[in-house]
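1. need a structure here:
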Amino acid sequence: MSTGRPSGTVTFLFTDIEGSTRLWEERPDEMRAALAVHDAVVRDSIEAHGG
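-> So this is what the prediction gives:
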């Protein structure tokens with residue numbers, strides 16, 4: 001019976017955009033764009049390596 005849970009080695013990846021709290025307050029539009037790029041880079045890298 002499958003539980004839908006991953007099996008084998010499970011890895012958690014945490015990332016940070018340095019200074020993001022201040023940047024969200026000072027430049028929210030630019031941070032939205034930066035976060036979209038960040039998310040795309042991380043997603044593409046994970047998918048490219050079978051994650």
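2. mind exporting stretch 41-51 as CSV, just the C-alpha atoms?
-> Extracted C-alpha coordinates of stretch 41-51, given in CSV (Å, rounded to 0.1, in the frame of the first residue of the first chain):
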residue,chain,number,x,y,z
VAL,A,41,16.6,28.8,-10.5
VAL,A,42,16.0,26.5,-7.5
ARG,A,43,13.2,24.6,-9.3
ASP,A,44,15.2,24.1,-12.5
SER,A,45,18.2,22.9,-10.6
ILE,A,46,16.2,20.5,-8.5
GLU,A,47,14.4,19.1,-11.5
ALA,A,48,17.7,18.8,-13.5
HIS,A,49,19.1,16.6,-10.8
GLY,A,50,16.1,14.3,-10.4
GLY,A,51,14.6,15.9,-7.4
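3. what mean pLDDT does that stretch have?
-> Averaged across stretch 41-51, the pLDDT comes to 92.
4. outside of it itself, list whatever touches it.
-> Residues from elsewhere that reach stretch 41-51, judged by C-beta atoms under 8 Å, 6 or more residues apart in numbering: 11, 13, 15. Where you see a C-beta, it was placed from the backbone N, CA and C, and this is true even at glycine.
5. okay, now the first one: neighbour count?
-> Read it as residue 11. When counting by other C-beta atoms under 10 Å, one arrives at 7 neighbours for residue 11.
6. just residue 44 next, same as before
-> For residue 44, using other C-beta under 10 Å, the count is 10.
7. what strand or helix carries it?
-> Using DSSP states H and E, residue 44 sits within helix 28-48.
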